[in-house]
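# Here's my sequence, what's the structure:
(one chain, ligands or ions: 1)
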Amino acid sequence: MIPAAHPLIGDEERAAVDRVMRSGMLAMGPEVAAFEAEFSALVEGRHCIAVNSGTSALHLSLIAAGIGPGDEVIVPSFSFAATANAVGLVGATPVFVDIEPDYFAIDPAAVEAAITPRTRAIMPVHLYGHPADLVALSAIAEARGLLLIEDAAQAHAAAVNGIPVGAWGAAASFSFYPTKNMTSGEGGLVSTADEGIARTMRLLRNQGMERRYENEIIGFNARMTDIHAAIGRVQLTKLAGWTAQRQANATFLSENLSGVVTPPTAPGAVHVFHQYTVRIDGAERDRFAEELHARGVGSGVYYPTPIHRLPSFALELDLPQTERAAREVLSLPVYPGLTPDDLATIVEAVNAVASAGR
Ligand SMILES: Cc1ncc(COP(=O)(O)O)c(C=O)c1O
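The predicted model follows:
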């Protein structure tokens, strides 16, 4: 069976964990500081603040940006629930808008139409590793005096016009969950060019303290441990090679698959293929996934229910592209550990199931 996703953990990661365990310093310390400094090279030298999850990164960065009750934040409904949860957790209102159909990202025209006097921020998600239209969204944010807060959980090293994700917005959040393009076990990180947001993030993750027992604000324990940071540091050294392998796998799939709609890349964009997501006729999608499974190929549906319709939000909205994507998307294995035989098996299985369905 070729699984839908598979984290790559090697001897170097195990040795790094062992080094930290032997040091006796397990909580946030020098490994976290080194991880932040090293990750900063991916986001044009911005401040980096590591935390215990991508969700904490989003949540704390919204607090640090001063967003709270009475504020509206424009988000896509076609994402993982954590995007909108972060907005809800600070007491603000997520305003769900539709996606554009090609890259599954928030539609700038829909963002523009959703702005009200209460809007404080736009939160694009670089879904599947393809960057949202950061040129258009930055222009809207600037013209309307809004913050751009990137959800880059799935898009380490993606870029638009040579500028990496995480270096566009007032703040950006990354996730290091095991299935992401790089992992720390669990973990997250905020990048920001804003000194104030960076300092508040450092306080918020550590009970409001910079100096021990001198708590300046009310905060959380959202610290990353040195064990997780040590894993993340090793993975960071492998990210560029893995990303190139994901892109090569995606190119192979797109050149050889037939009978499904393959994922395009926008002009000027670097797609890092966290997922390789095809579209299949909505009535056929679930049967298609079952038949792939029967042929030894795992797949995933990210995400079957738009966030606004989940019981946690339960809103009735008209978001046709979001609904269509939720019915049609299917993500095929694309991770760097796939062998040429695996890739051939995936192509054979998809093409066979697609042609049988006609
Ligand atoms: C788009 C998106 N946002 C936020 C998150 C939250 O990250 P984490 O699972 O590290 O809390 C994830 C990943 O799970 C995600 O895919």
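# Can you name the residues of the protein that neighbour the ligand?
Contact residues, the chain versus the ligand (Cβ under 6 Å from any ligand atom): 53-55, 79-80, 82-83, 125, 151, 153-154, 175, 177, 188. Bear in mind the C-beta positions are built from the backbone N, C-alpha and C, glycine included.
# swap the cut-off to 5 Å and go again
53-55, 80, 82, 125, 151, 153-154, 175, 177 (Cβ under 5 Å from any ligand atom).
# Just the buried subset of these, written out for PyMOL, thanks.
Buried members of the residues of the chain next to the ligand, defined by 16 or more other Cβ atoms under 10 Å, are picked up in PyMOL with:
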select buried, resi 53+54+55+80+82+125+151+153+154+175+177
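# residue contacts, residue 157?
42, 164-165, 181, 239-240, 243, 270, 272 (Cβ atoms under 8 Å, 6 or more residues apart in numbering).
# cool, and residue 350?
Counted by Cβ under 8 Å, 6+ apart, residue 350 has contacts 257, 259-260, 278, 292, 297, 332.
# Is it in a helix, a strand, or coil?
helix (DSSP: H, G, I helix; E, B strand; the rest coil).
# For residue 60, see how far away the closest residue to the ligand within the stretch 51-200 of the chain is.
Residue nearest to the ligand within the stretch 51-200 of the chain: residue 54 (2.4 Å; Cβ to the nearest ligand atom). Per Cβ to Cβ, to the nearest Å, residue 54 is found 11 Å from residue 60.
# With residue 116 instead?
25 Å.
# next one: residue 193
17 Å.
# those helices in the stretch 101-250 of the chain, which residues are they?
Assigned helices in the stretch 101-250 of the chain, in chain order: 108-114, 134-144, 195-204, 226-256 (criterion: DSSP state H, counting those that start in this stretch).
# With mean pLDDT, mean neighbour count and distance to residue 341 as extra columns, can I get these in JSON lines?
Below are the helices of the stretch 101-250 of the chain laid out as JSON lines (pLDDT from 0 to 100; neighbours: other Cβ atoms under 10 Å; distance: least, Cβ to Cβ, whole Å):
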{"stretch": "helix 108-114", "mean pLDDT": "98", "mean neighbour count": "18", "distance to residue 341": "42"}
{"stretch": "helix 134-144", "mean pLDDT": "98", "mean neighbour count": "17", "distance to residue 341": "37"}
{"stretch": "helix 195-204", "mean pLDDT": "98", "mean neighbour count": "19", "distance to residue 341": "45"}
{"stretch": "helix 226-256", "mean pLDDT": "98", "mean neighbour count": "19", "distance to residue 341": "12"}
